[in-house]
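*Asks:* okay, predicted coordinates and the sequence, questions at the end:
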Amino acid sequence: MKAQRLPQDGIVLEVIENFQEIICSKIDLSIKGFIKSLIENLLEDQLTAVLGADRYERNKKRKAYRGGHYQRTLLTKYGLIEDIRVPRKEKGGIEFSVFDRYERRRRDVDAAIGRLFLNGVSIRKLKGIAREIYGKEVSAQTVSNTFSHLDKELERFKDKPIDDTVEFLFLDGISQKVGEIGIEKKMMLCAFAIHRKRPQEKEILSFQLADVEDEAFWKGFVADLKGRGFLRQKSQADHHRWQPGPAKGY
């Protein structure tokens, strides 16, 4: 009798065969979201300087008013970012320096943003990246808004509780993405999940930079997953499914 093929088998094999590509594409998507937030906040900062007043601010020095937004794209190392909201003046145009400065410094800025994302939030480094794109110091509000976006994005990978719907867990160390961004002699430990009854819902549960891919780092990494709720409500036997391949699947 021929063994029955389960619906999720194809999805599991796809993850095993393309693990690094899948992880890298999802990391790139998150970094693009961070860049979009940074650029939009810098544009608002420049517009505020041109108008002489913040949004809804009553100020005798105000020179003009806001007039809605239009959208444009931006090419980055991590892919094309669409639907960037560019603010307008109510009357007359404005030339934003942010896009030109970004284009001229794209390689260095993209690498710095990638390192910031993988290494964790640093206000000092974020200020430096914003200053590089903007050309001068940016407002505390702009830094705060962008920091909040990045912190919230990273929270999904570091602190978000893990429910009991994970059916397949894949663990592997990745060096390709780390090397491309310019972080030397580091490995990125990754945990990737396929959910029970929602096999299309695949997500990165966590990632962490490590000096080497050894047993001690992996034990600490898995202990963190368990601390966030993984395996807490069901036995280990219920959850672990071994799948052969380049990724360590459980």
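*Replies:* That came through, no problem.
*Asks:* how near is the most centrally placed residue in the chain to residue 153?
*Replies:* Central residue of the chain (CA atoms, centre = their mean): residue 30, 2.6 Å from the mean position. Residue 30 sits 6 Å away from residue 153, going by CB to CB, to the nearest Å. C-betas here are computed from N, CA, C, even on glycine.
*Asks:* could you pull out the helices for this protein?
*Replies:* Assigned by DSSP state H, the chain shows helices spanning 9-17, 19-51, 97-104, 106-119, 123-134, 140-158, 176-181, 215-227, 236-239.
*Asks:* you'd agree residue 151 is up against residue 121?
*Replies:* Yes: taking contacts as CB atoms under 8 Å, residue 151 lies within contact range of residue 121: 5.3 Å.
*Asks:* quickly list the domain ranges of this structure.
*Replies:* In the assignment given by automatic domain parsing, the structural domains of the chain cover 9-25+161-249, 27-157.
*Asks:* least confident of those, on average?
*Replies:* Ranked by mean pLDDT, the domains of the chain end with domain 9-25+161-249 at the bottom, a mean of 79.
*Asks:* right, so of the helices of the chain, which gets closest to residue 168?
*Replies:* helix 9-17 (5.8 Å; CB to CB).
*Asks:* what is that closest one packed up against?
*Replies:* strand 166-174, strand 187-195, strand 198-210, strand 248-249 (3 or more CB pairs under 8 Å, 6 or more residues apart in numbering; DSSP states H and E).
*Asks:* let's have those strands in a markdown table, adding mean neighbour count and distance to residue 126.
*Replies:* Output for the helices and strands packed on helix 9-17, formatted as a markdown table (neighbours: other CB atoms under 10 Å; distance: least, CB to CB, whole Å):
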| stretch | mean neighbour count | distance to residue 126 |
| --- | --- | --- |
| strand 166-174 | 21 | 24 |
| strand 187-195 | 22 | 21 |
| strand 198-210 | 16 | 18 |
| strand 248-249 | 20 | 34 |
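*Asks:* and residue 230, which of these is closest to it?
*Replies:* It's strand 166-174; of those, that one is closest to residue 230 (CB to CB) at 6.5 Å.
*Asks:* walk me through which strands that closest one pairs with, and which way each runs.
*Replies:* strand 187-195 (antiparallel), strand 248-249 (antiparallel) (DSSP bridges).
*Asks:* CA atoms of stretch 9-26 as CSV?
*Replies:* Listed next in CSV are the C-alpha coordinates belonging to stretch 9-26 (Å, rounded to 0.1, in the frame of the first residue of the first chain):
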residue,chain,number,x,y,z
ASP,A,9,4.8,17.4,3.0
GLY,A,10,5.5,19.6,0.0
ILE,A,11,5.8,22.7,2.1
VAL,A,12,8.2,21.0,4.5
LEU,A,13,10.4,19.8,1.6
GLU,A,14,10.4,23.3,0.1
VAL,A,15,11.6,24.7,3.3
ILE,A,16,14.4,22.1,3.7
GLU,A,17,15.6,22.6,0.1
ASN,A,18,15.4,26.4,0.1
PHE,A,19,16.0,27.2,3.8
GLN,A,20,18.6,30.0,3.4
GLU,A,21,16.8,31.7,0.6
ILE,A,22,13.5,31.7,2.5
ILE,A,23,15.1,33.1,5.6
CYS,A,24,17.1,35.7,3.7
SER,A,25,14.0,36.9,1.8
LYS,A,26,12.0,37.3,5.0
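*Asks:* all good on my end, thank you.
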